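> Quick one: sequence and predicted model below, then my questions.
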Amino acid sequence: MSKNKSIQIAIQGIPGANHEIAARAYFKDKEIEVVPCHTFQEVFDVMHSNPKILGIMAIENTLVGSLLPNYTMLRESGFNVQGEHKLRIKHHLMALPGQNINDLKEVHSHPMALAQCEEFFKKHPHIKLIESEDTALSAKIISDEKLKGIGAIASSLAAELYNLEIIERSIETNKHNYTRFLIIGQENKAVKAELLEQNKINKSSLVFSLPHEEGSLSKVLTILAFYNINLTKIQSLPIVGIEWEYLFYIDVMFDNYERYLQSLDAIRPLCKKLRVLGEYEACTTTQTTNGETLEKEKVHNALTSI
């Protein structure tokens, strides 16, 4: 596919954030223009203001689990899941060029990044850890304000964009740190028809509620199993204002699209407000921040072991 057509994609964060890395990896055959947003809600607001803009949104991480508010925002937005990408997250320590770790008095980054590098900084107690709004933003501020003695934890792309020098690479404690991102936008029936013709659609994201009755969920799961539908993810969230009833967000994979449609027809009478959030091609590899890939089996094991 040629790179002659540029697309806009809204990301949470600024250029250099992991959302941009995931977006560029997913759309590797296209020129993309990122639209930075402060929050995930702003991502959806930007997309509503311009339906041509796509979005990318983290939905789960192997270390912290599901990003629960994002499920609700996705369902309420009315947008469609068009694809997914799984990224190996690497945290790098960076600063203005010419410094080493002994020169650093403070390191700034997002609280989650700081927590994921805790063991590394136990070996360097002279460094004070400062929470900030965003990983890439921490790097940008150091670059813009020429702050010496201060480091940031961010991606290799952020170091490149903001002319910082990486002092230590991959300082995260747990090397099995993966984030799954969803590509979201207005449903494109032409693209979906093309993927169906190529037999590439093999995954679906669904949401439904169930009556508060004994065995209601197990009945649905039994039917899916009968149709050879593989349940890869299930997440429940309470329905606000309705006691003891829940919304179930599930991801399923299948080899036969017609059997998948039959399974939906079979469970629909048992469900309340069943909605397909998206049908798309499953991601089979995970790309790291330096272009490496992992086999599908390793990725699946990492994402299902949380």
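Yes, it's here.
> What lies in contact with stretch 35-49?
When contacts are defined by CB atoms under 8 Å, 6 or more residues apart in numbering, stretch 35-49 is touched by residues 8-15, 53-57, 69-70, 73, 77, 79, 133, 184-185. The way it works is simple: take the backbone N, C-alpha and C, and place the C-beta from them, glycine included.
> what are the C-alpha coordinates of stretch 186-206, in CSV please?
Output in CSV follows, covering the C-alpha atoms of stretch 186-206 (Å, rounded to 0.1, in the frame of the first residue of the first chain):
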residue,chain,number,x,y,z
GLN,A,186,-17.0,5.9,12.2
GLU,A,187,-18.0,2.5,10.7
ASN,A,188,-16.6,2.1,7.2
LYS,A,189,-18.8,-0.4,5.4
ALA,A,190,-16.6,-0.5,2.3
VAL,A,191,-13.5,-1.3,4.3
LYS,A,192,-15.4,-4.0,6.3
ALA,A,193,-16.8,-5.5,3.1
GLU,A,194,-13.2,-5.7,1.7
LEU,A,195,-12.0,-7.4,4.9
LEU,A,196,-14.8,-9.9,4.8
GLU,A,197,-14.1,-10.7,1.2
GLN,A,198,-10.5,-11.4,2.2
ASN,A,199,-11.6,-13.5,5.1
LYS,A,200,-9.7,-11.3,7.5
ILE,A,201,-12.3,-10.4,10.1
ASN,A,202,-11.9,-12.8,12.9
LYS,A,203,-12.5,-10.8,16.1
SER,A,204,-15.4,-8.9,17.6
SER,A,205,-16.0,-6.7,20.6
LEU,A,206,-19.5,-6.9,22.1
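> in that stretch, what's buried?
For stretch 186-206, the buried set under the neighbour-count rule, 16 or more other CB atoms under 10 Å, comprises 192, 195, 201-206.
> which one of the residues you listed is nearest residue 143?
Residue 143 lies nearest to residue 205 out of these, by CB to CB, at 38.0 Å.
> In three-state terms, how would the closest one be classified?
Of the three states, residue 205 takes strand under DSSP: H, G, I helix; E, B strand; the rest coil.
> pretty sure it is in contact with residue 278, am I right?
Yes - applying CB atoms under 8 Å as the test, residue 205 and residue 278 come out as touching, 5.0 Å apart.
> which residues do those two both contact?
Taking CB under 8 Å, 6+ apart as the contact definition, residue 205 and residue 278 share the neighbouring residues 81, 182.
> Show the contacting residues for residue 188.
Going by CB under 8 Å, 6+ apart, residue 188 touches residue 82.
> go again using 10 Å as the cut-off
The contact partners of residue 188, taken as CB atoms under 10 Å, 6 or more residues apart in numbering, are 54, 80, 82, 194-195.
> Kindly report the same for residue 50.
With the criterion set at CB under 10 Å, 6+ apart, residue 50 makes contact with 8, 10, 35.
> Now the buried members of those.
In terms of neighbour count (16+ other CB under 10 Å), the buried residues within the contacts of residue 50 are 10, 35.
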